[in-house]
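Asker: Sequence first, predicted coordinates after that:
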Amino acid sequence: MLGLLDQLNNREIAIFGWTGVLLIWMLAIPKVRKAMGGVVKAFCQRPILKVIGCAAIYIFASIWLLHWRGIWTADFLYTTILWTISFAFVAMFEAEKMSSDQRHMGRIIRDVFNVTAVLIFVIELHSFSLVVELIAVPVLTFIVLLHEVSKIKEEHGRVERFLSTVLSAVGLSYLAISLWKTWIGFDEINSVDTIRAFFIPIMLSLFFLPFLYGLGVFMAYERIFGSLSIWMDRPLLRFARSRALLTWGANLDFLQRWHRAIQRERPETKDALRQSFTKLQTILKREKSPPPVAHEQGWSPWTAKVFMSDYDLNTRDYHEGYDGEWFAESNMKALGSGSPMNGIAYSVEGEAAVAKKLKLKLNVNDSRSDAHARAHFEAAALSLWLKASGGSPDKRLQDRISAMEDFALRIGSHTISLAKDDWSRGTRPEYDLVFMVSVGS
């Protein structure tokens, strides 16, 4: 043991010393210590340990495959451990986002080729002494896992911030020393091994993406059928799960839409469940080949959904609500940088195959950027009218919108209106503006 300790140099002692002081100081705070206990308890739950075990088996299989092809050798064990800590375990806790959001998948893939690969490459160029690695690797692995678990619940926010500070301090120290050693010993770096050390984390990451996607699908099914178990008996739940797997597979968008529908309808028999699948499949077919809609009757919902795409107001799917009305709505898009911020949103309302109302809503909370928000709303409202009518700008309508005062105007088969809701009742400069294009009475 003394021989191992003798291998520590002054820089390594400094890293361990400052990290230890930071840990002791933070753990001396009672609230942090209590919250840490809760995080450790959450981490040790069987479902989390099972997922980590499955990931370890998958990673081992990927390493064996690379070793079988002569790409991976024991010389890259440290690289692999660093990749597991910095990428694999962290990405696992974002698996459900990755499987349901293609943009998140794109961000993960970009990280594979830039941040993750470069950081691991630089840090791995110069390993530390044996005693440092024997202590640091398992400790850092445990801290990273605890950090990811602490993100799950808001009540563990204090622990999450504490562990972020620790990981940042250790990571920056590792990176700084490795960069310094690389600078002074650049000529000693073996070019072939260096290239392999750079590409092995990338290859491992690409191999790991299918596991992450599968884990995300599994987590989504567990979450959805866990919520259904509250009111659905076990035989019906097993039937619903097997039918969902056969019908929707890994398509989480369809799965979540079906889940929303049966939460509203609450089927209690297998026949009713079968009808829920058939009903959604009919809707999906209608979306794929929308029926034509006469101009005076309204709009095709799937055409109207994208009227405001130029303003980044993309709606979610068009579906039936609890009151029998069909609708699709966008998220509230932030305007300006105040707190609370102003926002704008777009929605489509109507019947199963025809949209009857198009709404654009401006929510004003910050009077300092009121002018900017209103100008944005005016331009969006005029654009909506042009898309909805398929005609040319109307000077009379443009003047009415610019005035930002209540009005209702009939143009052909369309009714155009603007209404202000001063929901603060004059106590604060906060209000809503709703611009609507509709057909019918």
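Answerer: Yep, that arrived.
Asker: switch to C-alpha atoms for all contacts and neighbour counts from now on
Answerer: Noted.
Asker: what's the burial count for Leu360?
Answerer: 23 (other CA atoms under 10 Å).
Asker: Verify the contact between Met287 and Lys305 for me.
Answerer: No, residue 287 isn't Met; it's Glu. No. With contact defined as CA atoms under 8 Å, Glu287 and Lys305 do not form a contacting pair (11.5 Å).
Asker: Looking at the two now, which is surrounded by more residues?
Answerer: The neighbour comparison of Glu287 against Lys305 (other CA under 10 Å) goes to Lys305, with 26 against 17.
Asker: show me what contacts that one?
Answerer: Counting by CA atoms under 8 Å, 6 or more residues apart in numbering, Lys305 touches Asn314, Thr315, Tyr318, Ala328, Ser347, Val348.
Asker: I figured Leu66 hits Trp72, correct?
Answerer: Yes. Assessed by CA under 8 Å, Leu66 is found in contact with Trp72 at 5.2 Å.
Asker: Looking at these two, which is more packed in?
Answerer: Set Leu66 next to Trp72 and count neighbours by other CA under 10 Å: Trp72 wins out with 19 against 16.
Asker: and the more buried one, which of the three is it?
Answerer: coil (DSSP: H, G, I helix; E, B strand; the rest coil).
Asker: In this structure it contacts Met203, no?
Answerer: No. The criterion here is CA under 8 Å, and Trp72 misses it with Met203 at 10.3 Å.
Asker: For Leu236, see how far away Asp271 is.
Answerer: 10 Å (CA to CA, to the nearest Å).
Asker: And these two? Which one has more around it.
Answerer: Neighbours were tallied for Asp271 and for Leu236 using other CA under 10 Å; the higher tally belongs to Leu236 (15 against 9).
Asker: Please name the nearest non-neighbouring residue to that one.
Answerer: Lys270 (6.7 Å; CA to CA, 6 or more residues apart in numbering).
Asker: burial count for the one you found?
Answerer: Lys270, neighbours per other CA under 10 Å, totals 14.
Asker: try Trp68
Answerer: Quick note: Trp68 (other CA under 10 Å) scores 11 neighbours.
Asker: Report the contact partners of it.
Answerer: Contacts of Trp68 by CA under 8 Å, 6+ apart: none found.
Asker: so what pLDDT did it get?
Answerer: Looking at Trp68, its pLDDT stands at 90.
Asker: what's the spacing between it and Ala88?
Answerer: 21 Å.
Asker: Kindly report the same for Arg243.
Answerer: 32 Å.
Asker: Which of the two has more residues huddled nearby?
Answerer: Ala88 (21 against 15).
Asker: Validate this expectation: the more buried one resides in a helix.
Answerer: Yes. Applying three-state DSSP, one finds Ala88 inside a helix.
Asker: related to what we said a few turns ago, ok, the residue nearest to Leu236 touching Arg238?
Answerer: No. Lys270 lies out of contact with Arg238 (CA under 8 Å); the separation is 10.6 Å.
Asker: For stretch 297-305, give the mean pLDDT please.
Answerer: Stretch 297-305 comes out at a mean pLDDT of 94.
Asker: need the contact list for the closest residue to Val354 other than its chain neighbours.
Answerer: Spatial nearest neighbour of Val354, chain neighbours left out: Ser300 (5.2 Å); criterion: CA to CA, 6+ apart. Contacts for Ser300 (CA under 8 Å, 6+ apart) come out as Pro290, Pro291, Pro292, Val293, Ala353, Val354, Ala355.
Asker: now that we have those, which one has the most neighbours?
Answerer: Result: Ala355 is most packed of those (other CA under 10 Å), 26 neighbours.
Asker: Got phi/psi on that one?
Answerer: According to degrees, to the nearest 10, the main-chain angles of Ala355 amount to phi -90, psi 140.
Asker: For it, give its distance to Phe89.
Answerer: 46 Å.
Asker: Domains of the chain: list them as residue ranges, please.
Answerer: 2-222, 229-288, 301-439 (automatic domain parsing).
Asker: worst average pLDDT in these?
Answerer: Comparing mean pLDDT across those, the lowest value falls on domain 2-222: a mean of 65.
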